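**Q** missing the sequence, but the structure's below:
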Ligand SMILES: Nc1ncnc2c1ncn2[C@@H]1O[C@H](COP(=O)(O)OP(=O)(O)OP(=O)(O)O)[C@@H](O)[C@H]1O
């Protein structure tokens, strides 16, 4: 290190700086080493999904970011600063946190739950009211439910309130610990679509823990796979599902089923051919152009068809897709 003063941050530097860094982080719990010199960088504005075998330390990794846990060794940096030096309460105000059970205050209404952090920050009442209205709309909660208590809501609605509360003060970082795992499949898919859309629109940095490989592949810009207290791999869903057969990553991401997961990453529109002779006629089996190849395969199996008509959002035929178009490229 030289003694020269550091150059001031430019906007480009700030963009390039990781939002969260784990530097050789070690953590033991109950006398067992859970994280073993973990190195991980979370770039800003990314949707990073942490996966790994049960007990590998995913939740512990999240809790190290908002100081619900502290490292035994190494450092955690948020926005370039060692969080051990930051006031924990002030740090948490800039980090939304959503847990599996919603974690709502049971004796507070929806309105009061969502308003928690804005009130702590001293926002004027009119601004808090406007923000609650905005979030109730964004998370598609019935407007007349804001006076209800958590036990008067469904599990999916409670989870929506939990997300609204975490987003209320517009924190740049959102930590989500298996937020959808207790929900029915339909609500789960809806909330996955919503959180993905919110993240893409707002550019927040999201770190999301799940057990579900399909959920990870659907949501992540980057997947961080933990094993034995370290990072086994980090990369886009396409990169991690290209793992070599026999590796830990390959086995964890589905072993023999990994091909189906790769199909989930490809869009029908990218493989469709122009309709030619022998194209399925109207009324035949169809697939939407924006569906995945995995959905197309499912439609072929369902209809016993080796070719599908590809249709646009208005239902107009725009091409065809056959078995051979599913082959890896
Ligand atoms: N307070 C604690 N005291 C002792 N051991 C703990 C404590 N909290 C967690 N552990 C243990 O630490 C390990 C890592 O826990 P953690 O919750 O981080 O794992 P995880 O990967 O999120 O697990 P899962 O996928 O099952 O939710 C587990 O073996 C767990 O039993």
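**A** Perfect, I can see it now. Not measured: the values here are computed from a predicted model.
**Q** Low-confidence ranges, the protein, go.
**A** 1-16, 276-282 (pLDDT under 70).
**Q** The same query, at a cut-off of 50, please.
**A** Applying pLDDT under 50 to the chain flags the ranges 1-14.
**Q** the strands in it, which residues?
**A** Secondary structure of the chain (DSSP state E): strands located at 20-29, 32-42, 47-51, 73-78, 81-82, 95-99, 173-177, 205-209, 222-227, 230-235, 286-288, 307-311, 317-322.
**Q** Pull up the residues of the stretch 101-250 of the chain that are close to the ligand.
**A** Contact residues (CB under 6 Å from any ligand atom) of the stretch 101-250 of the chain with the ligand: residue 211. Just so you know, the C-beta spots here come from the backbone N, C-alpha and C atoms, and that holds for glycine as well.
**Q** if we can go back for a sec, okay, the strands of the chain in TSV with mean neighbour count next?
**A** Shown next, in TSV, are the strands of the chain (neighbours: other CB atoms under 10 Å):
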stretch	mean neighbour count
strand 20-29	18
strand 32-42	18
strand 47-51	24
strand 73-78	18
strand 81-82	12
strand 95-99	21
strand 173-177	24
strand 205-209	24
strand 222-227	23
strand 230-235	18
strand 286-288	21
strand 307-311	23
strand 317-322	20
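**Q** looking at these, which is closest to residue 88?
**A** Closest approach to residue 88 among the strands of the chain is made by strand 95-99 (10.5 Å; CB to CB).
**Q** Now find how far off-centre the closest one is within its chain.
**A** 12 Å (CA atoms, centre = their mean, to the nearest Å).
**Q** partners of that strand in the sheet?
**A** Here strand 95-99 is paired, per DSSP bridges, with strand 173-177 (parallel).
**Q** Contacts for the partner strand, please.
**A** 19-20, 58-59, 62, 65-66, 78, 94-100, 166-167, 195, 199, 204-209 (CB atoms under 8 Å, 6 or more residues apart in numbering).
**Q** angle of it against strand 32-42?
**A** 140 degrees (axes from the mean of the first three to the mean of the last three CA atoms, to 10 degrees).
**Q** what comes up buried for stretch 137-155?
**A** 138, 139, 141, 145, 146, 148, 150, 153 (16 or more other CB atoms under 10 Å).
**Q** Quick check: the fourth one vs the ligand, distance?
**A** Counting by CB to the nearest ligand atom, to the nearest Å, the gap from residue 145 to the ligand is 30 Å.
**Q** Correct me if wrong: that residue contacts residue 110.
**A** Yes - the criterion here is CB atoms under 8 Å, and residue 145 meets it with residue 110 at 5.8 Å.
**Q** Just the buried positions in the biggest helix by length in the chain, please.
**A** Across the chain, the longest stretch assigned as helix under DSSP state H is helix 185-202. Of all the residues in helix 185-202, those buried under the rule 16+ other CB under 10 Å are 187, 188, 190, 191, 192, 195, 196, 198, 199.
**Q** Just put the residues you listed in JSON lines and tack on distance to residue 307.
**A** Formatted as JSON lines, these follow (distance: CB to CB, whole Å):
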{"residue": "187", "distance to residue 307": "34"}
{"residue": "188", "distance to residue 307": "32"}
{"residue": "190", "distance to residue 307": "31"}
{"residue": "191", "distance to residue 307": "34"}
{"residue": "192", "distance to residue 307": "30"}
{"residue": "195", "distance to residue 307": "35"}
{"residue": "196", "distance to residue 307": "31"}
{"residue": "198", "distance to residue 307": "37"}
{"residue": "199", "distance to residue 307": "36"}
